[in-house]
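>>> Sequence first, then the predicted structure, then my questions.
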Amino acid sequence: MPLLHAPDVDIWYEDRGAGPPLALLGGLTNVPEVFEPMAAVLEPGWRVIRPDNRGSGRTKPQPDDGERAPARFASDLRALLDGLSLQRAHVAGFSLGAMIALEFAVTWPERLLSLTLGCAAPFSLADPRATKPDPETLAPFTDPTPLPREAEDARTLRNIAHPDTPRLRPERARFYCGLRWTWPHAREEVFARLAGVARWSAFERLSRLAGVPVLVLTGEVDRLVPIANSRLIAQNVPGAELVTLPRTGHVFFAEEPEETARLIAGFIARRAPTPA
């Protein structure tokens, strides 16, 4: 896939399928490949656009000032849509990608056909209003000590997947963890992203989503971004729909990608059909 040359970043992206445009935005250490199983379901009816976030995989800032706030990521998404001559698009983001999608949405709501927010919060988890994860779940994000691969994978799955996933969906667990090793993120990059969202909030701007079809998705056992945070978004956006995927965790989109894709497609068909 090509690079799109924006003013200060070269954005790498996948752009496949035919139909209305749907952008999928990944989380803290995701690359577009994490959405490959979802894309396989969506691409027959959708033009699925999957960028590497700034500083991930093949998207390189030129030069890199280290800024990783949601507003910077959201500006990258706007630059990508502009470069593809797309005035409006369906946008779906997950985890950090949900923060990016939400920031984009409250800044440029006129650019949206619909918005899907997965494993999301309307503000930083450092915000006093947030329902926070337990200290054990947060530890990998604050402890720079590297672990052997097997131990690191076990810790990752324990914190972001449903407890049954390693046993019931071992292929999904291997796929997700394998991408983290294939496309690693330096600890400095992760810390820059955490610092970038530490003071972020879109909660006070949720009213700007009036009229935008909004779907909020969450896993039944989300230890990293507890469900109460997603519920808060749904309660404060008129008409928003909240759906919980059973027996999944924070990365439900990797644990149950086909069902996630069907939920998004079904929601858009009901609430934001593309005009003929």
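Yep, that arrived.
>>> CA atoms for contacts and neighbours, from now on please.
Noted.
>>> the strands in the stretch 51-200 of the chain, which residues?
60-61, 89-94, 112-118 (DSSP state E, counting those that start in this stretch).
>>> Point out the most buried one among the ones you listed.
strand 112-118 (a mean of 26; mean count of other Cα atoms under 10 Å).
>>> Put the alpha carbons of that strand into CSV.
The C-alpha trace of strand 112-118 is given here as CSV (Å, rounded to 0.1, in the frame of the first residue of the first chain):
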residue,chain,number,x,y,z
LEU,A,112,-18.4,11.7,9.9
LEU,A,113,-21.0,9.3,8.4
SER,A,114,-21.0,7.3,11.7
LEU,A,115,-18.7,6.7,14.7
THR,A,116,-17.9,3.5,16.4
LEU,A,117,-16.0,3.6,19.7
GLY,A,118,-14.5,0.3,21.0
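>>> Run through the stretch 1-150 of the chain and note the low-pLDDT ranges.
1, 144 (pLDDT under 70).
>>> Could you do the stretch 151-276 of the chain as well?
275-276.
>>> Apply 50 and report the result again.
For the stretch 151-276 of the chain, the stretches with pLDDT under 50 are 276.
>>> Do a quick rundown of the helices in it.
All helices of the stretch 151-276 of the chain, identified by DSSP state H, counting those that start in this stretch, fall at 165-168, 170-182, 187-197, 227-236, 252-255, 257-271.
>>> out of the strands of the stretch 51-200 of the chain, nearest to Ser201?
Nearest to Ser201, of all the strands of the stretch 51-200 of the chain, is strand 112-118, at 14.7 Å by Cα to Cα.
>>> and that closest one, what does it pack onto?
Secondary-structure packing of strand 112-118 (3 or more Cα pairs under 8 Å, 6 or more residues apart in numbering; DSSP states H and E): strand 89-94, helix 96-107, strand 214-219.
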